[in-house]
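S.K.: here's my sequence, what's the structure:
(chains A, B, C and D)
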2 protein chains.
Amino acid sequence: MAIDRLDGRIIVLLAREPRIGVLEMSRRLGVARGTVQARLDRLQSNGVIRGFGPQVDPAALGYPVTAFATLEIRQGQGADVRAHLATVPEVLELHTTTGRGDMLCRLVARSNADLQRVIDRVVGFDGIVRAATAIVMENPVPLRIIPLVEQAALQE
Amino acid sequence: MAIDRLDGRIIVLLAREPRIGVLEMSRRLGVARGTVQARLDRLQSNGVIRGFGPQVDPAALGYPVTAFATLEIRQGQGADVRAHLATVPEVLELHTTTGRGDMLCRLVARSNADLQRVIDRVVGFDGIVRAATAIVMENPVPLRIIPLVEQAALQE
DNA sequence: TGTTCACTGGGCAATGTGTTCAGCCGCAAG
DNA sequence: CTTGCGGCTGAACACATTGCCCAGTGAACA
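M.R.: Residues are numbered from 1 along each chain as shown, chains lettered A, B, ... in the order given. All right, here's what the predicted structure looks like:
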């Protein structure tokens, strides 16, 4: 489960040039193809690499507005609320958290006006007591993993 | 930029079975290989599909703790804070938002104790006035895009 | 010393890729 | 009505890559 330097280089290389093949990777990294293949297999069965799904940009899909909503849930209604939110396509992810709110979810919408519709749909459910929404203006650091991978690789 | 039904099916298929090739996709979708290839090229140059980078699980890397931090920034220090946060590997993403806080960032850590270290590093910077952290307990809806793609595909 | 493990370098058949082509169709503009 | 355009089809081609196998090597470890 620990990641060594070679694993780290494989992941980083893959993150930078996803189209690259195993053969080309082995050339760049200066190791045998079989090694890269074995490492990749191990990383995937380890769960370190979950997959290679396409990274879709909601904005390009017509949903340029992103927001985070903090939800407060009525005691014991957690499961129902989770099930409800899972049915809303505009809910891209949902977490249960400690702290002030009970849940945090990421939403997208077609416009600020449309966001109202989405929020209404999200909070228009019995178990939700209160919701606080923060609209995303800028995204200075888009979801990234490379720095963490590099640190993890050095660490061991 | 609009997504039609075939585009939608391509993306969904790709999301479900990332290892699949263009040829196999064309077989499953019942269209010519060239069509799938052309659609894929278009989706990528459109920016709808940003890439096929590996989806890395921080937990498997030794960072099982996730948290969201809401930061309040001192007027005019935004750029400095952004630059600071970008240097912290444990900051996986950063957004500037409307609402109570000024920024929202996603953090990971090796443990709850380690989270304290990460938070100290994050907020140990002059421009940050206040920080509120919510630790993630569960992730009932992991980051997903398929439902949105399906909706976008039907819409047009 | 002997065993295990990962890596190497090679070889093989099978498959997929990138690319190009002509032909067909629906549609919109002239 | 006819022309031109864009998208799709089905096929072809050379080429590279994949998945798989193997024997040999070196390092770590009991």
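S.K.: residue ranges in chain A under the pLDDT threshold?
M.R.: Across chain A, the ranges flagged by pLDDT under 70 are A:1, A:156.
S.K.: the longest strand in it is where?
M.R.: Longest strand in chain A by number of residues (criterion: DSSP state E): strand A:128-141.
S.K.: and for it, what are the contacting residues?
M.R.: Strand A:128-141 has contacts (Cβ atoms under 8 Å, 6 or more residues apart in numbering or on different chains) with A:65-74, A:77, A:81, A:101, A:107, A:112, A:115, A:119, A:122-123, B:70, B:82, B:85-86, B:91-101, B:104-105. In short, each C-beta sits where N, CA and C put it, glycine included.
S.K.: narrow the residues you listed to those in strands?
M.R.: A:65-73, A:107, B:70, B:91-97, B:104-105.
S.K.: of the residues you listed, which are in range of DNA strand D?
M.R.: Filtering these for proximity to DNA strand D by Cβ under 7 Å from any atom of the strand leaves nothing.
S.K.: quick one, which of the residues you listed are buried?
M.R.: Buried members of the ones in strands among the contacts of strand A:128-141, counted by 16 or more other Cβ atoms under 10 Å in any protein chain shown: A:65-71, A:73, A:107, B:70, B:91-97, B:104-105.
S.K.: buried sites along stretch A:148-156?
M.R.: A:L148, A:V149, A:E150, A:Q151, A:A152, A:A153.
S.K.: so A:L6: helix, strand or coil?
M.R.: The three-state label given to A:L6 by DSSP: H, G, I helix; E, B strand; the rest coil is helix.
S.K.: identify the residue spatially nearest to it, adjacent ones excluded.
M.R.: Distances taken as Cβ to Cβ, 6 or more residues apart in numbering or on different chains place A:R39 nearest to A:L6, at 6.4 Å, with adjacent residues excluded.
S.K.: do you know how far that neighbour is from B:L94?
M.R.: 31 Å (Cβ to Cβ, to the nearest Å).
S.K.: ditto for A:Q44
M.R.: For A:Q44 relative to B:L94 (Cβ to Cβ), the value is 29 Å.
S.K.: what does A:G78 give?
M.R.: 28 Å.
S.K.: what about the longest helix in chain A?
M.R.: helix A:33-46 (DSSP state H).
S.K.: can that helix be said to contact DNA strand D?
M.R.: Yes: contact between helix A:33-46 and DNA strand D, assessed by Cβ under 7 Å from any atom of the strand, occurs at A:R33, A:G34, A:Q37.
S.K.: of the buried residues of stretch A:148-156, which ones also sit close to DNA strand C?
M.R.: Taking Cβ under 7 Å from any atom of the strand as the test, DNA strand C is in contact with none of these.
S.K.: quick one: the longest helix of chain A to chain centroid distance?
M.R.: Helix A:33-46 has its average C-alpha position 23 Å from the chain's average C-alpha position, going by Cα atoms, centre = their mean, to the nearest Å.
S.K.: residues of that helix that come out buried?
M.R.: By neighbour count on 16+ other Cβ under 10 Å, the buried set for helix A:33-46 is A:V36, A:R39, A:L40, A:L43.
S.K.: and those residues as JSON lines, adding distance to A:A131?
M.R.: Output for the buried residues of helix A:33-46, formatted as JSON lines (distance: Cβ to Cβ, whole Å):
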{"residue": "A:V36", "distance to A:A131": "47"}
{"residue": "A:R39", "distance to A:A131": "45"}
{"residue": "A:L40", "distance to A:A131": "42"}
{"residue": "A:L43", "distance to A:A131": "39"}
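S.K.: restrict the residues you listed to those near DNA strand C?
M.R.: A:R39.
S.K.: which one of the buried residues of helix A:33-46 is nearest chain B?
M.R.: Among the buried residues of helix A:33-46, A:L43 lies closest to chain B (Cβ to the nearest Cβ), at 8.3 Å.
S.K.: list the contacts of that closest one.
M.R.: By Cβ under 8 Å, 6+ apart, the contact set of A:L43 is A:D7, A:I10, A:I11, A:I49.
S.K.: so the last one bridges to which residues?
M.R.: With DSSP bridges applied, A:I49 shows beta-bridge pairing to B:V56.
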